[in-house]
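Asks: quick one: sequence plus predicted model below, questions after.
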Amino acid sequence: MIAVQEFQGKAVGVFGLARSGLSAARALQTGGAKLYAWDDNEKAREAAAKEKIALEPPNRWPWQQIKTLVLSPGIPLTHPEPHPVVRQAKSAGAEVIGDVELFARAVRSGKEGNGLSRIIAVTGTNGKSTTTALIGHILQVWREDGLPPEIPVFITELNIAWATGESFVDMFGGLWLADYVGAFLTAGGDGLYYFHYVPSRLHGGCNESYGTFGLFTVDANYEIQKPTSQYFASRLITQEWVQPGSGTHRIFPAVSDIRDGAGHVLVTAYAVSRPDGQWSVLLVNKDQSNAHSVRIVFHDGASGTVRFFSGSTTAIAFGAAQYQWHAKGADGFADPDGPPAVSTVAGTRETLFDLPNASVTVIRGVVGF
């Protein structure tokens, strides 16, 4: 571990104490910083306490003394909106940095670098909320920089990463694909092309785990065995959320107030008005452990009125109850392996729609007052 000595004797806040946040807290404390640390997750606080990290909630930090806040990855800095602790830091005039910046400063100023080191860093994302927020931000910046609105924007080759792995074929792959497609189209994208349709056997990739770029697992003769989670997510997107055919759809922004203790959005939503007159909402519950119930409200900004699903409403859910990947190297398989669960719900202004844990759900029907 590199001791970060730049902050010796100075008050520094660390918010978020998972793996990277806890490492940052250790480096600062070893380097002599006066540390104020917190995580909304009780288990994370317990782990920090075992490392003798002093814990204090941000509302009790001496913000007049703190000039630097170290923010853990995944906690919203700007998108979809700044976390409250970020607003508090900026109000106090404190800089907000990440753990990678701590490392860079330590190398630049410490004996490891003698002030001369150049750093090449490769950073990444867990592929869910960070990626979807980034998609919208990129398109927004392009438009603000002058990209004419009549020029279409396409993603011509998409999947989770350049190398396959277990994440492509377990439930994560389906959640990621639904979130990615919904975010891109809502941000103004015109079309996406999945990579790739060519069948491929399971082979080693990221973290020495096995997966495939394809929508199916295949045998030695490349005969289809079973569909993967991304196949089921693709069908929900193309056959249930939107209406197949050449009709015009209108996509509207949607927001969710379901978050975890650190402020991360757990449920994302993407709303579309279909050519057949129905409204359809694609909902991604990224909470791996917990189901959530949601009330869906359609707000007309022009008239100020609100509407709700009315009458017979279709719910199609695909989640951990319908799909489980069992990793066995090149012989991995899914069991159960679909299909999605389909039900009919009577829609009213009071109706709560159930979203299973780790699931992609489409709610579709007509709306009324």
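Replies: Sure, I can see it.

Asks: tell me the contacts of Gln65?
Replies: Residues near Gln65 by CB atoms under 8 Å, 6 or more residues apart in numbering: Ala11. No exception for glycine: its C-beta is placed from N, CA and C like everyone else's.

Asks: let's see that with 10 Å instead.
Replies: 10-13, 34, 36, 92, 94 (CB atoms under 10 Å, 6 or more residues apart in numbering).

Asks: ok, so of those, who is nearest Ala262?
Replies: Gly13 (14.6 Å; CB to CB).

Asks: burial of that closest one, as a residue count?
Replies: 28 (other CB atoms under 10 Å).

Asks: state the distance from it to Asn159.
Replies: Computed as CB to CB, to the nearest Å, the Gly13 to Asn159 distance reads 38 Å.

Asks: check Phe103 too.
Replies: In terms of CB to CB, Phe103 sits 30 Å off from Asn159.

Asks: packing partners for the helix or strand of the chain with the lowest mean pLDDT?
Replies: Lowest on mean pLDDT, DSSP states H and E among the helices and strands of the chain sits helix 99-109, with a mean of 74. For helix 99-109, the packing partners by 3 or more CB pairs under 10 Å, 6 or more residues apart in numbering; DSSP states H and E come out as strand 11-15, helix 19-30, strand 68-71, strand 95-97.

Asks: which of these is buried the deepest?
Replies: Ranked by mean neighbour count, the helices and strands packed on helix 99-109 are led by strand 11-15 with a mean of 25 (mean count of other CB atoms under 10 Å).

Asks: so where's the protein uncertain?
Replies: 1-2, 79-80, 107-132 (pLDDT under 70).

Asks: what are the ranges of the helices in it?
Replies: 19-30, 42-50, 84-91, 99-109, 129-144, 166-169, 171-186, 229-235 (DSSP state H).

Asks: looking at the ones you listed, which is nearest to Pro275?
Replies: helix 171-186 (15.4 Å).

Asks: that closest one: how far from the chain's middle?
Replies: Taking CA atoms, centre = their mean, to the nearest Å, the mean C-alpha location of helix 171-186 is offset from the chain mean by 9 Å.

Asks: follow-up on the earlier one: ok, which pair from the contacts of Gln65 is furthest apart?
Replies: Farthest apart among the contacts of Gln65 - using CB to CB - are Lys34 and Ala92, which lie 15.4 Å from each other.

Asks: contact partners for Asp276?
Replies: 243, 245, 247, 364, 366.

Asks: most widely separated two among those?
Replies: Gly245 and Val366 (18.8 Å).

Asks: which parts of stretch 238-252 are buried?
Replies: Residues 240-243, 251 are the ones in stretch 238-252 that count as buried (16 or more other CB atoms under 10 Å).

Asks: return the member of those nearest to Arg60.
Replies: Ile251 (43.5 Å).
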